[in-house]
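Peer 1: Just need the structure, nothing else, for what follows:
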Amino acid sequence: ITPRQICDKYNKLHEEIYKWFNISFDKFGRTTTEEQTEIAQDIFWSLHKEGCTMQDSVDQLYCTHCSRFLADRFVEGECPLCGYEDARGDQCDACGKLINASELILPRCKLCARCPEVRTSNHLFLDLPKLEGRLTNWLEESSEKWSNNARVI
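Peer 2: I've put the predicted structure just below:
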């Protein structure tokens with residue numbers, strides 16, 4: 001089964017559940033559509049051109065056998081806080097603490113079980129301090145009709 005087939009299955013399931021609960025959307029879309037790609041790229045390039053992005057270096061785990069940087073979900077190892085041997089790359093299910101994958105003791109790639117190495121890679125980030133005022137205004141304006149739970153969460 002391919003990742004696309006899994007996404008197709010759950011997209012259909014979610015759509016059926018929303019209909020059953022009588023939940024509607026202006027548009028119930030998917031990230032795999034050409035339209036969604038254009039929207040996401042338009043948002044990114046608009047923010048980038050306005051100087052609202054910044055570049056920074058991040059240490060990440062890299063599996064030389066798989067020839068790829070590993071997302072948190074593809075790393076397991078020993079929790080540096082409690083010693084649990086099967087902690088994930090984002091949190092430890094034994095002690096509940098959030099951790100960074102590069103902090104794991106004896107990390108291993110979930111794809112091939114080999115030990116990855118730490119490598120530095122460059123990433124683009126939203127410059128949130130530059131956007132804070134606009135985001136605060138947007139939240140204040142758009143949240144007027146939200147429930148109290150939605151506002152406080």
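Peer 1: Kindly export the helix or strand of the chain with the lowest mean pLDDT (C-alpha atoms) in PDB.
Peer 2: Confidence across the helices and strands of the chain bottoms out at helix 148-152, with a mean of 83, counting by mean pLDDT, DSSP states H and E. Written as PDB, here are the backbone C-alpha positions of helix 148-152 (Å, rounded to 0.1, in the frame of the first residue of the first chain):
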ATOM      1  CA  ASN A 148     -14.900  30.600  24.400                       C
ATOM      2  CA  ASN A 149     -13.100  27.200  24.300                       C
ATOM      3  CA  ALA A 150     -11.700  28.000  20.800                       C
ATOM      4  CA  ARG A 151     -10.400  31.400  22.000                       C
ATOM      5  CA  VAL A 152      -8.600  30.100  25.200                       C
END
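Peer 1: Make sure I have this right: F44 is in a helix.
Peer 2: Yes - remark: F44 belongs to a helix, assigned using DSSP: H, G, I helix; E, B strand; the rest coil.
Peer 1: ok, it to E50 distance?
Peer 2: From F44 across to E50, the span is 11 Å (C-beta to C-beta, to the nearest Å). Any C-beta I mention is one placed from the backbone N, CA and C, and that applies to glycine too.
Peer 1: Of the two, which one has the most company?
Peer 2: The neighbour comparison of F44 against E50 (other C-beta atoms under 10 Å) goes to F44, with 14 against 11.
Peer 1: That one: what's its closest spatial neighbour, skipping adjacent residues?
Peer 2: The spatially closest residue to F44, leaving aside those adjacent along the chain, is T53, at 7.8 Å (C-beta to C-beta, 6 or more residues apart in numbering).
Peer 1: ok, how many other residues are close to that neighbour?
Peer 2: What T53 shows, counting by other C-beta under 10 Å, is a neighbour count of 16.
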